[in-house]
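Colleague: Below are the sequence and a predicted model; questions follow.
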Amino acid sequence: MDRSWRNLRLVVVSVLSLATSILSEDVRAEEDYRITNEVVLSDVRVSPAKTGGQTQITFLLENRSAERVSFGGITIADARQSSIVASLGNGGTTILDSIPVAPGEVLSVDGEALWIEVDGLAKNLQPGGAIEATVNFGAVVIPITLTVADVNKPSN
């Protein structure tokens, strides 16, 4: 009888662990920005900044579709310009017009190799505040509301 109880306890613990894992994935998915049914932004961070200054946007972009997409950047209405910036190493950078994202690919716009740089802000970006932005995919422009990162909280 002892052996049966141990086996049953092991099965129950395994089932509970699996259920917790599945529920955790569902909670994280709610924090994602669904750009389309098949393109998702996650772990989005917009740095706080002052009027006239510069902010940096970082994120993961997942292409869940069967088609290649062309990511053309993120723009903020209350800013002079927005650019996709790529590091060339040794302090050098370049501006990219767009980035092709293959089916199933996750593009890491991590702030080290790639990032979105926004200059000439018309207003302060306060931690926890919201900003209106657009995500560009070729001729398709999708409006989105982003939250400015709280510098005291770690990213997702």
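Modeller: Thanks, I have it.
Colleague: what's in contact with whichever helix or strand Ser70 is part of?
Modeller: Under the criterion of DSSP states H and E, Ser70 resides in strand 69-76. The contact list for strand 69-76 (C-beta atoms under 8 Å, 6 or more residues apart in numbering) reads 39, 55, 57, 61, 63, 82-84, 97-101, 107, 116, 118, 121, 131-138, 144. Bear in mind the C-beta positions are built from the backbone N, C-alpha and C, glycine included.
Colleague: Now do Arg45: how many residues are near it, please.
Modeller: 21 (other C-beta atoms under 10 Å).
Colleague: likewise the one 3 residues further on?
Modeller: Counted by other C-beta under 10 Å, the residues lying close to Pro48 total 16.
Colleague: How about the contacts made by it?
Modeller: Pro48 touches Thr55, Asn124, Leu125, Gln126, Pro127, Val148, Ala149, Val151, counting by C-beta under 8 Å, 6+ apart.
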